[in-house]
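Colleague: Structure of the sequence below:
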Amino acid sequence: MFEIKPEAGGRLLLVGRFDAAQTEKALAVLSKLEETTVLDCAELVYLSSAAYGVLFKAQRRLVDAGHSLTLVNLSPHLREMFEIAGFDQILRIE
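Modeller: Residues are numbered from 1 along each chain as shown. Sure thing, here's the model as predicted:
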């Protein structure tokens with residue numbers, strides 16, 4: 001199961017397993033972002049390589065429009081995976 005839940009202040013909470021089967025759901029939400037956005041990953045348990053692609057695409061589109069995408073509350077395991085993949089150099093992680 002994977003969900004994207006709106007939170008106060010325009011933040012989005014990512015919940016569950018973000019795998020290849022969830023890319024269309026994520027793209028439907030992330031492609032509509034028009035301003036700097038924070039993705040709260042406190043309840044995210046898994047990211048597939050397809051999910052990295054979706055996040056990168058959203059980041060690129062927002063940066064081109066003068067905005068950004070920030071990921072917060074990544075578990076130590078997911079943070080390590082971002083670092084191994086080099087995505088910590090592309091996506092803002094706090």
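Colleague: so who does Pro6 touch?
Modeller: Counting by Cβ atoms under 8 Å, 6 or more residues apart in numbering, Pro6 touches 12-13. All C-beta atoms are positioned from the backbone trio N, CA, C, and that covers glycine.
Colleague: Same question for the one 4 residues further on.
Modeller: Contacts for Gly10 (Cβ under 8 Å, 6+ apart) come out as 35, 37-38.
Colleague: Looking at those residues, which are in strands?
Modeller: Within those, residues falling in strands by DSSP state E are 37-38.
Colleague: Just give me the closest of the contacts of Gly10 to Arg79.
Modeller: Nearest to Arg79 among these, counting by Cβ to Cβ, is Val38 at 15.6 Å.
Colleague: Give the buried subset of the contacts of Gly10 as a ChimeraX selection command.
Modeller: Of the contacts of Gly10, the buried ones go into a single ChimeraX selection, burial set by 16 or more other Cβ atoms under 10 Å:
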select :37,38
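Colleague: Looking at the contacts of Gly10, which is nearest Val54?
Modeller: The shortest approach to Val54 among the contacts of Gly10 belongs to Thr37, at 13.4 Å (Cβ to Cβ).
Colleague: Tell me how many other residues crowd the closest residue to the closest one other than its chain neighbours.
Modeller: In this structure, Thr37 finds its nearest non-sequential neighbour in Leu69, 5.6 Å apart by Cβ to Cβ, 6 or more residues apart in numbering. Residues lying near Leu69 (other Cβ atoms under 10 Å) number 22.
Colleague: so Leu69 touches Cys41, yeah?
Modeller: No: with contact defined as Cβ atoms under 8 Å, Leu69 and Cys41 do not form a contacting pair (11.7 Å).
Colleague: Helix or strand: which one has the residue nearest to Leu30 when sequence neighbours are not counted?
Modeller: Spatial nearest neighbour of Leu30, excluding adjacent residues (Cβ to Cβ, 6+ apart): Ala58 at 4.0 Å. According to DSSP states H and E, Ala58 maps onto helix 49-64.
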